[in-house]
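A.B. asks: Got a sequence here, can you model it:
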Amino acid sequence: VTVSKAASLPMAESRKEEFQKYLEKSGVIDTLTKVLVNLYECPEKPQNAINFIKESMGPPAPGGDVEKLQAQVKEQQIQLEAKDKEIEALKKRLAELAEEQKKAE
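C.D. replies: The predicted model follows:
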C-alpha cells in the first residue's frame, strides 16, 4: 500500500460515516428499512419489487416538507372558520338592516 492510499483510507471512512449519519438523521434509513420489511413480510411477493418500493414510499410531497404543509392547512382552516363567522355576522346584520328598512317604509 502506498503512502497516498494509506492516507486516503481514513478520509474515505470519515466521508462514509458522515454520509451514514446524514442518512440516519434525515430518516432515509428508517424509511427504507420499513419498506423492505413490508416487502419481506408480503405473503405473495410482487412481480416487480422496484414498483412495490416506489408505491410504498409514495409520491414526493409538493414543496417537500410535510410538516410545513400541515401547518399551512391548519392555518388556512383557522382563517376559513374566521371568514365563515364573519359571513354569518354580515348576513345577520344585512337581515337586521332589511327589517329596519321595511319598518321605516
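A.B. asks: Where in this structure is the helix or strand with the lowest mean pLDDT?
C.D. replies: The weakest-scoring helix or strand in the chain, judged by mean pLDDT, DSSP states H and E, is helix 3-25 (a mean of 80).
A.B. asks: Look up the closest residue to Ser56, ignoring the ones flanking it.
C.D. replies: Taking CB to CB, 6 or more residues apart in numbering as the measure, Ser56 lies nearest to Val35, with 4.5 Å between them; neighbours along the chain are not counted. (C-beta placed from N, C-alpha, C; glycine too.)
A.B. asks: Who are the packing partners of the top helix by length along the chain?
C.D. replies: In the chain, assigned by DSSP state H, the helix with the most residues is helix 66-104. Using 3 or more CB pairs under 8 Å, 6 or more residues apart in numbering; DSSP states H and E as the contact criterion, no helix or strand is in contact with helix 66-104.
A.B. asks: Please give the element, helix or strand, for the residue nearest to Ser56.
C.D. replies: helix 28-41 (DSSP states H and E).
A.B. asks: Also compute the angle for that helix relative to helix 3-25, please.
C.D. replies: Angle, helix 28-41 to helix 3-25, by axes from the mean of the first three to the mean of the last three CA atoms, to 10 degrees: 70 degrees.
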